[in-house]
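Asks: Model the following, please.
(2 chains)
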2 protein chains.
Amino acid sequence: MGRPVEVSPLAWKLHLSLPETLLKGGESYAEGLLRAAEEAGVGELRLSLSAMRQLPKVLSSALDVTLTISDGRVISVEGGDTSGRLYGVALDLGTSKIVGHLVSLVDGETLAMASTENPQAVHGEDIISRITFALDGPGNLDELRRLLLEAVNRVLETLCAEAGVAPGEVYEAVAVGNTLMHHLFLGLEPSSLARAPFNPVIRQGLSVTARELGVAINPAGNVHLPALVAGFVGSDAVADLLATGLCDSEAPALLVDVGTNTEVFAGDREGVVACSCASGPAFEGAHVSHGVKAVSGAIERLRIDPETLEVDYEIIDDAKPIGLCGSAMIDALAEMWKNGLIDDLGRLNLDAETSRMRAAADGGEFVVAWSDAAGTGRDITLTQRDVEELLLAKAAIYAACSIMLRRQGLKAEELGRVYVAGAFGSYLDPESAVAIGMLPDVPAERIVFAGNTAVAGARMILLSTEARRTAEALAEGVRYHELSLDPEFNREFLNAVFIPHKEPERFPTALRLARRRPRSTRS
Amino acid sequence: MGRPVEVSPLAWKLHLSLPETLLKGGESYAEGLLRAAEEAGVGELRLSLSAMRQLPKVLSSALDVTLTISDGRVISVEGGDTSGRLYGVALDLGTSKIVGHLVSLVDGETLAMASTENPQAVHGEDIISRITFALDGPGNLDELRRLLLEAVNRVLETLCAEAGVAPGEVYEAVAVGNTLMHHLFLGLEPSSLARAPFNPVIRQGLSVTARELGVAINPAGNVHLPALVAGFVGSDAVADLLATGLCDSEAPALLVDVGTNTEVFAGDREGVVACSCASGPAFEGAHVSHGVKAVSGAIERLRIDPETLEVDYEIIDDAKPIGLCGSAMIDALAEMWKNGLIDDLGRLNLDAETSRMRAAADGGEFVVAWSDAAGTGRDITLTQRDVEELLLAKAAIYAACSIMLRRQGLKAEELGRVYVAGAFGSYLDPESAVAIGMLPDVPAERIVFAGNTAVAGARMILLSTEARRTAEALAEGVRYHELSLDPEFNREFLNAVFIPHKEPERFPTALRLARRRPRSTRS
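Replies: Sure thing, here's the model as predicted:
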C-alpha cells in the first residue's frame, strides 16, 4: 500500500538556457550559472565540487543545461534538457530481505521493483545473532556493512537495468530499516543495541552522499536514512506509519508489523504510542517443522472441512506444496481450533476422527498435505511442538497490542483500522488472526493487510519533502514504551497463550465460532 | 611575514565530562552528547557520520570526551581530554614549489615548515604549458591532480613527523595558490583559463572534506580554498594582501608579487585594484644563461667596485657559485648600469676597462664569477641577451605598477609601502630594484621584501575566522583590471624597457646614482 503524495522530491531538475555572454563576461562559470538560476526564480544555490568539475566540459559544448538540485545544492550539471529524467530509489533494508523500488521523481511513477535476500544471513538469521557477530571481532562490522551494501547495489543494478535508467540518473535514495540495519548500513557499531536501554547511536534522520556510503547511484546523489523511534523500532516502522496513514487518521488505529521482532503502534493523528516485542521467527517459517517463508510452493491459506476434516489449501505460484508460510499457519491454528482438532490450550485432539491426526514424538501431529502431493516427497505436518511455538508467537503479539491499546485508553471496538504488515507474503486472513486471538477482536473488514508498507513509506519520503518532514516529526513524536520494563506484560502474555485468550469475553467473534465447535473439545 | 591574528580557528575542541546517565536514559548517544554540549554553552551542533561511527567505541570506555567542532559540525569524538592537541596546516600551492606550515590551532604557534618542488614541472615549467598539457589528453587532468596531491601529502608527512603530530590530529588545512593550482587541486578542468576572458570555474572560497580531496590529514577535517580574484589572480594573491596588511593600510601601498606572471595590487583600506602581467620566468632563473632559482649555490647579491670593476658577491649557503638568482640579476643590472658597463638601453659597454667584459656571440658578455671559483667549472656570465631578457621582465613589472598607480590616482611618492613578494629567496635589494626602474621610485626604507606572504596569509586564514571572512571580502572587493585590454600598457611597457625609464624624471633616486656614472656611458 502507500498513500498518494504530491510529487515534490528533495532532488529536482532545472533546465536553463544560459546567455551567450556567460562565457564572455568577467564572472566565473559558477557565478554566471548561479546568477542565471537565480534569474530563473530559484533561490540562492550552492555548487557541489562534483558539479563544479562538470562545468568546463558541459559549458564548452552547450549553453542549454540542466541542473540537478538537492536541498539548495547543485549536485550535477548536464548538457541539454534532461529535466524529464530524474530518478530515485526507495529501499527497505530488511533483516532477511532487501527490497527496492525505482521511481521517477518527475511524475512519481514506479518503474521497477526488485529484491534480494539479505546476505548477512550467513552470520545469523535474527537481529541478536547479527549484533553478536558484529561485536565479536574487529573486521565483523565492516563485513556486515559490505554484505549489506553489495546486496543493495545488486538491487539497484537490477532496478536500473529493468527500467532502462543509468545509475547516474538516480539522484536520491531513501533507505528505511530496523535500527540494526540502519546502523550497519552507516557503519555504526551496534554495541549500544546489545544492552539495555538499547539506545541507538543516532535517532534523527540523516543524509549522506552516495559517494561517502558507496551506494551505486549518482555519487553526488543523496542517501537519506529517516529517523528512528528507538533501539528496536526503526525507520521501517516510521515508514509503516506513514504508508498506512495511521499518523493522520481521525479514528484510532493499530499497526502491527509482524516479524522476529513485532512492532505495535496505537494511536491517531493526536499521538502514537509504540512498542516492540520478541515474537520469534515462527511466522517467517523458522522453528516450525514444515515452516517456510512466503516463497513459491508455500501453502499460504487453508480450510478444514467441518464434516470430513479434509484440508483444502492454496499454494503460492500453484506449485507443489513444500511447507506452510505464516498466513497458512494462522489459518491452520484457527481451523483446527474451530473443528476441535486442538483445544483452547493448543493440545492436539488425538481422538479426532481423521487419519490426518496421528501420534508422533513429542505429542502427535496433524497432516496438512500428504507426501504424494508434496513437493518435498514427505508429509507436510503441524506438530504439537509447532502449535506451541505458534501460540507463543501469537501471544506475544496480542499482549503487545493489548498493552498499547490500554496505554492509549482504547477498547478494541473503538479501532477504526488494524493494519497488519510483515512477512506474510501477499495474504493474511483477518478472521483467522482474530479467531486465534493474535489480533484484537474487530470486524474483519477493519483489518487491512498492508503488504510491504516499509518500502511504500520510503517511497513517500522519497517523493515528497512534506512526507520527509512528517517522518521526522513522527519519529520524534511517537512515545516508545519499553515492554520489557512493563510489569503487566508477563500476565498479558500468559493469558494470551490460550485460544483465543484466557479471558475469552475479549473475543466475541471467536466465541461465536467456538459455539459451533464439537462439544468434546470445548473447554 | 604575516601579521598576528587572534587565534579563533574554524576547528576547535570542546572537552566534556558526560553525565553517567547518558548511557542509561532513553536518548540516543548522539542526542545525549549534543545535549551535554549544549548545556556546556555551545550552540546547536550537528554530528558528522565519522563522528557517529566513533561514538560507541569512545563512550564504552570513557565519559570524559573531547569533541572537535568545525563550522557547527562535530567532526570527531575522542576519549579523554585532548583539547590541547589540535593542529592545522597552511599550504601554498606554487607553480614551482609547495610550501606548508604546521600550526597549533590552540595557541597559533608554528611547529614545523616544509616544502617540496611541484612535481607537475615534468609537464611544463609555467602555467600555460601545464594548462596545455591538462587539456591535451583525457587522463592528463587527473595526472596533474595526482602529482600535486602526492606532493602536498609528502609535505604533510614531513610536517607531522617533524612536529611529532599524528595526521589524524590535523583537522584544518588552508591551501592558497594561483588559479591554475587551485583548479588542479580541486580537479577542475582549466579550459576556461586557456582563453579570454580567463574566467575561473569558481571564484568563491570553498571547503571540502579532506576525505573527498584525498588530503592526508584527518579525513573528516576541512580543506579550505580561499576565494580567487580572477583567472590570473589567485588566492595566493589574496593571502599576500592579507599578510602584508595592504588591505587594512591607511596609507596607500603597492604589492608586487613577482613570478612568471607578476601580480600587482595598489590601494589601501578604502579599496584595492589588481592586475596581472606576463613578466616571464627570467627572475626565477629561466631563459637567462646562468640563471638559477634561489637555491644553495646561487649568487643572491652582488656589488661592482667602481674603481676596479671587480665583482663582490654573496652566495646562498656560502657554497661555490653555480649561477645568479633573481635578486643578484637585479643587483647586476643596477651595478653594471651605475658603473657604465651597460647604457640606458641595456647595451653592454664592450670598451669597459675590465677583462670581465668580453665579446661573445650575440653581443658580448660580462663575467660575474670566474670558472676557478665556480661550482660549475665554467665562467658565470651575464650576456647581452640575458640583459635584454631581464629588461623585458622589469619593464612589464614596472608598467603594471605604473598603470595600477594611475588607476588609483596615486603618485609614487604618496606610497607608504611597496611590498615585494615572490621567487627571490630571502633577499632583494630595494635600491637596485629602483635603480633599474623595476619598482616605482620610493625611499628604500619604504620597500619591504615580504618573503613567502602567500603561506603567511594562508596561516592567518587558518588561525582566524575573521581573517577568513576578510579574505572572502577582499577577493570580492578587489577590482581586477585586465592589462591586455588596456591601450596604455604597450606604451608604458616600451618606455620602461629603458634604464631606469624613458622618462627618467620619474626616478629621481636613480638619476642621482646616474650622475655618478662615467661620462662615456651617459645617454
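Asks: I figured residue A:295 hits residue A:326, correct?
Replies: No: using Cβ atoms under 8 Å, residue A:295 is not in contact with residue A:326; the gap is 11.6 Å. C-beta: built from backbone N, CA, C; applies to glycine.
Asks: Settle it for me: which of these two has more neighbours?
Replies: residue A:326 (29 against 15; other Cβ atoms under 10 Å in any protein chain shown).
Asks: okay, now the closest residue to residue A:413 other than its chain neighbours: neighbour count?
Replies: Distance criterion Cβ to Cβ, 6 or more residues apart in numbering or on different chains; nearest residue to residue A:413, sequence neighbours excluded, is residue A:442 at 6.9 Å. A count of neighbours around residue A:442, defined by other Cβ under 10 Å, yields 19.
Asks: any chance you could map the helices in the stretch 101-250 of chain A?
Replies: Per DSSP state H, counting those that start in this stretch, the stretch 101-250 of chain A carries helices over the ranges A:127-134, A:140-163, A:179-186, A:210-213, A:235-244.
Asks: quick revisit: chain B versus the residue nearest to residue A:413, what's the distance?
Replies: Distance, residue A:442 to chain B, using Cβ to the nearest Cβ, to the nearest Å: 31 Å.
Asks: where does that residue land in three-state SS?
Replies: Here residue A:442 is coil, with the state taken from DSSP: H, G, I helix; E, B strand; the rest coil.
Asks: give the contact list for it.
Replies: Residue A:442 sits next to A:412, A:413, A:415, A:418, A:434 when contact means Cβ atoms under 8 Å, 6 or more residues apart in numbering or on different chains.
Asks: repeat for residue A:377
Replies: Counting by Cβ under 8 Å, 6+ apart, residue A:377 makes contact with residue A:371.
Asks: thinking again about what came up before, output the helices of the stretch 101-250 of chain A in CSV; the columns should cover distance to residue B:110 and mean pLDDT.
Replies: Formatted as CSV, the helices of the stretch 101-250 of chain A follow (distance: least, Cβ to Cβ, whole Å; pLDDT from 0 to 100):
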stretch, distance to residue B:110, mean pLDDT
helix A:127-134, 44, 90
helix A:140-163, 38, 97
helix A:179-186, 38, 96
helix A:210-213, 33, 93
helix A:235-244, 47, 92
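Asks: Do me a favour and get the backbone dihedrals for the residue nearest to residue A:413.
Replies: phi -130, psi 160 (degrees, to the nearest 10).
Asks: do the same with residue A:16
Replies: According to degrees, to the nearest 10, residue A:16 has phi -130, psi 140.
Asks: Also residue A:358?
Replies: Torsion angles at residue A:358 (phi, psi; degrees, to the nearest 10) stand at phi -150, psi 160.
Asks: distance of it from chain B?
Replies: Separation of residue A:358 from chain B (Cβ to the nearest Cβ): 51 Å.
Asks: surely that residue meets residue A:379?
Replies: No: with contact defined as Cβ under 8 Å, residue A:358 does not reach residue A:379; the gap is 9.3 Å.
Asks: Overlap of the contact sets of those two?
Replies: residue A:367.
Asks: From residue A:174, how far out is whatever residue of the stretch 351-500 of chain A ends up closest to chain B?
Replies: Proximity of the stretch 351-500 of chain A to chain B (Cβ to the nearest Cβ) peaks at residue A:480, 7.2 Å away. For residue A:480, the distance to residue A:174 equals 22 Å [Cβ to Cβ, to the nearest Å].
Asks: Between those two, point out the one with more neighbours.
Replies: More crowded of residue A:480 and residue A:174, by other Cβ under 10 Å: residue A:174, with 33 against 20.
Asks: quick one: contacts for residue A:310?
Replies: With contact taken as Cβ under 8 Å, 6+ apart, residue A:310 is in contact with A:304, A:354, A:356.
Asks: Now the closest residue in space to the last one that isn't next to it in sequence. Its backbone dihedrals?
Replies: When you say that, I think you mean residue A:356. Spatial nearest neighbour of residue A:356, chain neighbours left out: residue A:367 (4.2 Å); criterion: Cβ to Cβ, 6+ apart. Main-chain dihedrals, residue A:367, degrees, to the nearest 10: phi -90, psi 120.
Asks: Check the burial of the closest residue to residue A:353 other than its chain neighbours by counting its neighbours.
Replies: Of all residues not flanking residue A:353 in the chain, residue A:309 sits nearest, at 7.1 Å (Cβ to Cβ, 6+ apart). Counted with other Cβ under 10 Å, the neighbours of residue A:309 add up to 19.
Asks: what helix or strand is residue A:309 on?
Replies: According to DSSP states H and E, residue A:309 maps onto no helix or strand at all.
Asks: list the contacts for the nearest residue to the residue of the stretch 351-500 of chain A closest to chain B once chain neighbours are set aside?
Replies: Nearest in space to residue A:480, with sequence neighbours left out and distances taken as Cβ to Cβ, 6+ apart, is residue A:230 at 4.2 Å. Residue A:230 makes contact with A:179, A:198, A:199, A:200, A:203, A:274, A:276, A:480, B:26 under the criterion Cβ under 8 Å, 6+ apart.
Asks: quick revisit: wait, the residue of the stretch 351-500 of chain A closest to chain B sits on residue A:265?
Replies: No: with contact defined as Cβ under 8 Å, residue A:480 does not reach residue A:265; the gap is 10.1 Å.
Asks: who touches both of those two?
Replies: By the contact definition Cβ under 8 Å, 6+ apart, residue A:480 and residue A:265 are jointly contacted by A:273, A:274.
Asks: about what we covered before: so the residue nearest to residue A:353 makes contact with residue A:356?
Replies: Yes: applying Cβ under 8 Å as the test, residue A:309 and residue A:356 come out as touching, 6.6 Å apart.
Asks: of all the helices of the stretch 101-250 of chain A, which gets the most neighbours per residue?
Replies: Mean neighbour count, computed with mean count of other Cβ atoms under 10 Å in any protein chain shown, is highest for helix A:235-244 among those, reaching a mean of 30.
Asks: Could you list every helix and strand in contact with it?
Replies: On a contact count with 3 or more Cβ pairs under 8 Å, 6 or more residues apart in numbering or on different chains; DSSP states H and E, helix A:235-244 meets strand A:87-93, strand A:170-177, strand A:253-258, strand A:261-268, strand A:417-422, strand A:447-451, helix A:453-463, helix A:465-477.
Asks: can you put those in JSON lines and add mean pLDDT and distance to residue B:91?
Replies: JSON lines is the format used below for the helices and strands packed on helix A:235-244 (pLDDT from 0 to 100; distance: least, Cβ to Cβ, whole Å):
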{"stretch": "strand A:87-93", "mean pLDDT": "97", "distance to residue B:91": "39"}
{"stretch": "strand A:170-177", "mean pLDDT": "97", "distance to residue B:91": "33"}
{"stretch": "strand A:253-258", "mean pLDDT": "93", "distance to residue B:91": "53"}
{"stretch": "strand A:261-268", "mean pLDDT": "91", "distance to residue B:91": "51"}
{"stretch": "strand A:417-422", "mean pLDDT": "90", "distance to residue B:91": "54"}
{"stretch": "strand A:447-451", "mean pLDDT": "87", "distance to residue B:91": "56"}
{"stretch": "helix A:453-463", "mean pLDDT": "94", "distance to residue B:91": "41"}
{"stretch": "helix A:465-477", "mean pLDDT": "92", "distance to residue B:91": "39"}
